[in-house]
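K.L.:
Sequence plus predicted model, see below.
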Amino acid sequence: MSKTTLTFYGGLRTIGGTIIALQYEDSRVIFDFGLTYNPAANIFDGQVQPRKSAIIRDYLKLGLIPAVDGIYNHELLPDQLSIRSAQEYNGNTAVLISHLHLDHMGAMGFIDSSIPVYMTRDSLRLYTTLEKVGEGIVGERTYQSCDYNQSFTVGAIKITPLQLDHDVLGACAFHIETPDGAIVYTGDLRMHGAHPERVETFIKSAKALGFDAVIMEGTTLRSEEELAEELLVASKELPEDLLTESMIADGMTEILRSTQGIGFFNIYQRNIDRIHGILKAGRESGRKVVFEAATAEIAFKILEEQDFFIYESEALRESIVNGTVPEWQQELIQEFHTVSYHDINLEPSKFFVQNSYDQSLELFDLHVTDGVYLHSNGVPLGAFDPAYENLERILATINLERVEVGTSGHAIPQHLRYIVDELDPAVLIPLHSFYPERLKARNGVQLLPEYDKVYVLSKGSVKEQ
């Protein structure tokens with residue numbers, strides 16, 4: 001008798017690294033395929049270098065990717081590991097990517113090229129640009145696109161992407177259905193972003209399609225000591241102290257107007273809404289926005305914006321002098337003006353300049369007196385990252401004030417509870433959290449799965465095999 005099974009390989013009590021397999025007969029979908037985000041425990045610290053020819057073997061040995069049958073190329077697997085390669089596997093497999101954050105897609109390049117990897121059309125458009133500017137993931141392969149609300153099949157498994165709001169373009173949930181039942185995998189989502197209506201539409205669409213279980217992220221959940229039970233009461237209201245994505249541009253504008261010197265910003269450039277907000281803040285504060293080359297390419301190709309300059313970093317200057325400018329940068333430079341630190345130093349108060357963490361020493365060439373550094377969810381993300389103290393030292397060296405102006409890409413606890421209550425699943429499977437047990441179903445049961453166990457999906461239930 002055929003049955004639908006769920007196996008959890010990653011992400012149960014971590015932030016990201018979510019990898020789940022759903023199988024029916026000889027067909028299987030895996031979602032997502034990322035890497036756990038933990039910079040404090042990162043083996044590849046800038047000194048230990050990945051071995052390109054052995055990267056899958058090394059990642060398996062380090063436990064950074066799971067030992068899953070049928071997804072890796074046989075030539076890249078270690079001899080002593082008894083898992084079947086993609087070439088030895090008889091089933092029909094596809095991988096689904098909910099969005100383009102590394103903790104959900106950072107290992108997708110390791111998947112054998114014979115296995116299709118799907119992402120939304122918006123995600124693929126962004127990924128194509130990221131790959132062009134050198135921010136693609138390890139491994140060479142092609143990717144397939146899918147459309148919101150348009151179903152496709154992998155054998156007898158039916159998949160429907162449902163658009164969400166997250167702090168990256170193209171984010172979606174997946175409704176996944178087999179003859180035994182259906183689940184909803186939310187990926188990551190929030191209700192305080194630029195498009196909260198997408199979450200409400202997602203809830204309605206998911207309920208219309210029907211499901212037996214919901215697999216739900218819970219990033220912002222905290223312990224009982226940190227998060228009292230009353231703060232987990234379902235609500236879709238926005239707390240007064242919560243900065244929404246739409247408010248960030250106005251907040252930056254206010255700070256820039258009161259700043260006598262130069263303005264800097266540090267963002268995660270996959271957040272297209274944040275790039276749009278930076279441009280708005282620049283216009284409304286009367287400052288020229290200056291992007292690093294990679295962000296300029298994203299703004300131009302994804303947002304089709306043209307009201308900005310490109311910062312001529314030391315690396316860019318050297319490549320221009322040496323005639324080694326990549327083709328995409330050559331095209332960008334022909335389209336837009338570049339500005340050097342000399343140009344900016346003539347009138348620093350007229351500029352709003354991007355400065356990513358890896359470009360921090362560029363600050364030393366710029367006149368920063370009476371300036372401000374707006375840290376807006378760029379790297380490092382917080383004090384848990386060893387790079388955080390390093391950035392603090394650099395800014396202290398030049399006496400540059402750092403101001404936090406950002407907001408999370410993840411739903412706050414009361415919004416998580418609201419979404420769960422609205423979906424009202426028979427089975428709730430919370431994960432992508434240090435405290436998944438704190439998110440409970442309104443009427444259904446909570447399932448906290450374990451690794452190395454197989455769970456069976458049937459109408460209205462998910463139980464250990």
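P.N.:
Arrived safely. Treat the numbers as computed from the prediction; the structure is a model and nothing was measured.
K.L.:
So L162 lies in a strand, does it not?
P.N.:
Yes - secondary structure assignment (DSSP: H, G, I helix; E, B strand; the rest coil) places L162 inside a strand.
K.L.:
Counting neighbours, what do you get for it?
P.N.:
Number of residues near L162 (other C-beta atoms under 10 Å) recorded here: 23. C-beta here means a position set from N, CA and C on the backbone, and glycine is covered the same way.
K.L.:
and the most centrally placed residue in the chain, what is it in contact with?
P.N.:
Taking C-alpha atoms, centre = their mean as the criterion, H101 is the residue nearest the geometric centre of the chain, at 2.2 Å. Residues in contact with H101, defined by C-beta atoms under 8 Å, 6 or more residues apart in numbering, are 16, 34, 168, 188, 270, 409.
K.L.:
mind checking how far it is from A208?
P.N.:
When distance is defined by C-beta to C-beta, to the nearest Å, H101 is 28 Å away from A208.
K.L.:
Kindly report the same for L416.
P.N.:
Taking C-beta to C-beta as the measure, L416 falls 22 Å from A208.
K.L.:
and if you look at N377?
P.N.:
Between N377 and A208 the distance is 34 Å, computed by C-beta to C-beta.
K.L.:
Can you report phi and psi for the residue nearest to the centre of the chain?
P.N.:
Dihedral pair for H101: phi -100, psi 150, per degrees, to the nearest 10.
K.L.:
Kindly report the same for E229.
P.N.:
Dihedral pair for E229: phi -60, psi -30, per degrees, to the nearest 10.
K.L.:
what's around the residue lying closest to S461 once chain neighbours are set aside, how many residues?
P.N.:
By the measure of C-beta to C-beta, 6 or more residues apart in numbering, the closest residue to S461 outside its immediate chain neighbours is V427, 6.4 Å from it. Residues lying near V427 (other C-beta under 10 Å) number 22.
K.L.:
In this structure V427 contacts L448, no?
P.N.:
No - here V427 lies out of contact with L448, judged by C-beta atoms under 8 Å, at a distance of 11.2 Å.
K.L.:
Number of residues surrounding L124?
P.N.:
That count, for L124 with other C-beta under 10 Å as the rule, works out to 19.
K.L.:
Same question for P380.
P.N.:
When neighbours are counted by other C-beta under 10 Å, P380 registers 18.
K.L.:
ok, which stretches of the stretch 51-200 of the chain are helices?
P.N.:
In the stretch 51-200 of the chain, the segments counted as helices under DSSP state H, counting those that start in this stretch are 55-62, 102-105, 121-132, 197-209.
K.L.:
Over to the stretch 351-465 of the chain?
P.N.:
Under the criterion DSSP H, counting those that start in this stretch, helices of the stretch 351-465 of the chain are mapped to 387-397, 413-423.
K.L.:
Let me see the ranges of the strands in the stretch 201-350 of the chain.
P.N.:
With DSSP state E, counting those that start in this stretch as the definition, the stretch 201-350 of the chain shows strands at residue ranges 213-217, 263-267, 288-291, 309-311, 338-339.
K.L.:
What helices and strands are in contact with the second one?
P.N.:
Contact partners of strand 263-267 among helices and strands, from 3 or more C-beta pairs under 8 Å, 6 or more residues apart in numbering; DSSP states H and E: helix 245-257, helix 272-285, strand 351-354, strand 372-376.
K.L.:
And it, how far out from the chain middle?
P.N.:
Chain-centre distance of strand 263-267: 20 Å, with C-alpha atoms, centre = their mean, to the nearest Å.
K.L.:
could you measure the residue nearest to S461 against Y435, distance?
P.N.:
When distances are taken as C-beta to C-beta, V427 and Y435 turn out to be 19 Å apart.
K.L.:
Need the nearest residue in space to F8, chain neighbours excluded.
P.N.:
Nearest non-adjacent residue to F8, counting by C-beta to C-beta, 6+ apart: P449, 4.8 Å away.
K.L.:
Contact partners for the one you found?
P.N.:
Under the criterion of C-beta under 8 Å, 6+ apart, the contact partners of P449 comprise 6, 8, 12, 429, 431, 455.
K.L.:
from the residues you listed, which is closest to A156?
P.N.:
For these, the closest approach to A156 (C-beta to C-beta) belongs to L6, at 15.7 Å.
K.L.:
Let me know whether that closest one touches E450 as I believe.
P.N.:
No - with contacts defined as C-beta under 8 Å, L6 does not count as touching E450, sitting 11.7 Å away.
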